[in-house]
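> pasting the sequence and the predicted model now:
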Amino acid sequence: MPEGDTPPVRHEVTVQAIAADAFDVFTAGFARWWPREFTWSQDSLVDIGIDGEQGGACFEIGPHGFRCDWGRVLKWDPPKRVVLSWQISPERLPEPDPSKASEVEVRFDSDGSSPSRVVVEHRGFERHGGGAGAYRAGMERGWEYLLARYARAVRIRGS
């Protein structure tokens, strides 16, 4: 499938936080809001996170130190945006080849005050090869759920 044939998944949510706080909850607070059921380790999950620098990893750590990198930080621009390679295949397996990875961009739009608009765009599904359309459909529902969890974490932090 040629590049760009699969439309991106795009969702947004408005949170009652300045962009810097919204960025911090999404990245440094990743373990507080990302659901265990969306990991390989599930109930055995020890840690999950995003390394806060360009070239860092988005990762999970399971039992006995098992580590699985989900992708890399392609752009690190706090508090405006973070871009991750998404190296998880349509079969939900790690994909070590970055040329077969899609991309997740998260933007934090604010005029310096609260609220902030957080926009997630997951693009490049065609790079995953066969099953890209079904994968995209699953991530359409997935990102909607994930952003609701994220927004709840921002509310809890602000309480």
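Here it is on my side, so go on. A quick note: this is a predicted structure, and the numbers were derived from the prediction, not measured.

> where along the protein do the helices fall?
19-27, 30-33, 132-158 (DSSP state H).

> turn these into a markdown table, columns for distance to E121 and mean neighbour count.
In short, each C-beta sits where N, CA and C put it, glycine included. As requested, the helices of the chain are exported to a markdown table (distance: least, Cβ to Cβ, whole Å; neighbours: other Cβ atoms under 10 Å):
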| stretch | distance to E121 | mean neighbour count |
| --- | --- | --- |
| helix 19-27 | 14 | 22 |
| helix 30-33 | 18 | 17 |
| helix 132-158 | 9 | 16 |
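
> what about P90, neighbour count?
Using other Cβ atoms under 10 Å, P90 has 19 neighbouring residues.

> show the contacting residues for it.
By Cβ atoms under 8 Å, 6 or more residues apart in numbering, P90 lies in contact with 128-132, 134-135.

> and those residues, which is closest to E53?
H128 (25.8 Å; Cβ to Cβ).

> isn't the closest one up against E95?
Yes. Assessed by Cβ atoms under 8 Å, H128 is found in contact with E95 at 7.5 Å.

> shared neighbours of these two, which are they?
89, 101.

> leaving out the residues flanking it, which one is nearest to G49?
F30 (5.1 Å; Cβ to Cβ, 6 or more residues apart in numbering).

> and the one you found, how far is that from A137?
F30 sits at a distance of 24 Å from A137 (criterion: Cβ to Cβ, to the nearest Å).

> how about L84?
20 Å.

> got the phi and psi for W40?
Backbone geometry at W40, expressed as degrees, to the nearest 10, gives phi -70, psi -40.

> ok, P79 touching F108?
Yes. Look at P79 against F108 with Cβ under 8 Å: they come within range, at 5.5 Å.

> so between the two, which is more surrounded?
Neighbour totals were compared for P79 and F108, and F108 leads with 26 against 18 (other Cβ under 10 Å).
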